[in-house]
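**Q** Sequence unavailable; structure follows:
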């Protein structure tokens, strides 16, 4: 254990469930630890966990029944593990039997973080490849144009053919000055 404080975090997903089983098992093993419990759906909202994590300091220990109590997605849990590790907070997960303050626990953390990093890089590569393929097929990416092309063309025509100022042409056709100025640069 660390020199700091010990906290047990237990969570269940629905109101029909109880944190009692987690809390009793963990408090027997770690009788001096403060207990933090909450009922939170599988979504991202875990206010008690967020508050607890924000208050943890180097040397403190966070004890959970299982890693899945910390989040729904692996990447989310790994990000939290990495954050705790960088801050010097010890994480103990009972189900997985891992004490992240030990050499084996640190090795497992490094492997998990490396896998998550690789996964993020692969997702980014696939996203870039998908966008490039879509562009090559002529798919228009980004937000759809709200202003009709005919309105933009009228504004450009007023400036170029009739000598209107950009401000006046924009006002006359009902678009903003910056938008018309941008359209003039790109046409």
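**A** In hand now; what should we look at? As the structure is a computational prediction, the values presented were derived from the model and not from experiment.
**Q** For the chain, which segments count as helices?
**A** For the chain, the helices defined by DSSP state H cover 20-29, 47-55, 74-86, 103-136, 149-162, 166-173, 177-186.
**Q** if we compare those, which one ends up closest to residue 142?
**A** Of all the helices of the chain, it is helix 103-136 that lies closest to residue 142, at 10.3 Å by C-beta to C-beta. Every residue, glycine included, has its C-beta placed from N, CA and C.
**Q** buried stuff in that closest one?
**A** Residues 105, 108, 109, 112, 116 are the ones in helix 103-136 that count as buried (16 or more other C-beta atoms under 10 Å).
**Q** least trustworthy helix or strand in this structure by mean pLDDT?
**A** In the chain, no helix or strand scores lower on mean pLDDT, DSSP states H and E than strand 34-39, which sits at a mean of 76.
**Q** and it, what other elements does it pack with?
**A** Using 3 or more C-beta pairs under 8 Å, 6 or more residues apart in numbering; DSSP states H and E, the elements in contact with strand 34-39 are strand 6-12, helix 20-29, helix 47-55.
**Q** ok now stretch 139-156, how far from the chain's centre?
**A** Taking C-alpha atoms, centre = their mean, to the nearest Å, one finds the center of stretch 139-156 at 33 Å from the center of the full chain.
**Q** and the end-to-end length of that stretch?
**A** 25 Å (C-alpha to C-alpha, to the nearest Å).
**Q** before we move on, what about stretch 21-37?
**A** 12 Å.
**Q** begin at 23 from here
**A** Done: numbering now begins at 23, and the last item shifts to stretch 43-59.
**Q** before we move on, the earlier item: mind putting the helices of the chain into CSV with mean pLDDT and distance to residue 119?
**A** Putting those into CSV (pLDDT from 0 to 100; distance: least, C-beta to C-beta, whole Å) gives the following:
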stretch, mean pLDDT, distance to residue 119
helix 42-51, 78, 12
helix 69-77, 89, 21
helix 96-108, 84, 15
helix 125-158, 85, 10
helix 171-184, 94, 63
helix 188-195, 95, 67
helix 199-208, 92, 59
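**Q** Among the ones you listed, which comes closest to residue 117?
**A** helix 42-51 (10.0 Å).
**Q** Give me the contact list for the closest one.
**A** 30, 32, 33, 34, 55, 57, 59, 85, 86, 87, 91, 116 (C-beta atoms under 8 Å, 6 or more residues apart in numbering).
**Q** 10 Å instead?
**A** 30-34, 41, 55-59, 85-88, 91, 114, 116 (C-beta atoms under 10 Å, 6 or more residues apart in numbering).
**Q** Can I have the buried ones of the residues you listed as a ChimeraX selection?
**A** Filtering the contacts of helix 42-51 down to the buried ones (16+ other C-beta under 10 Å) takes a single ChimeraX command:
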select :30,31,32,33,34,41,55,58,85,86,87,91,114,116
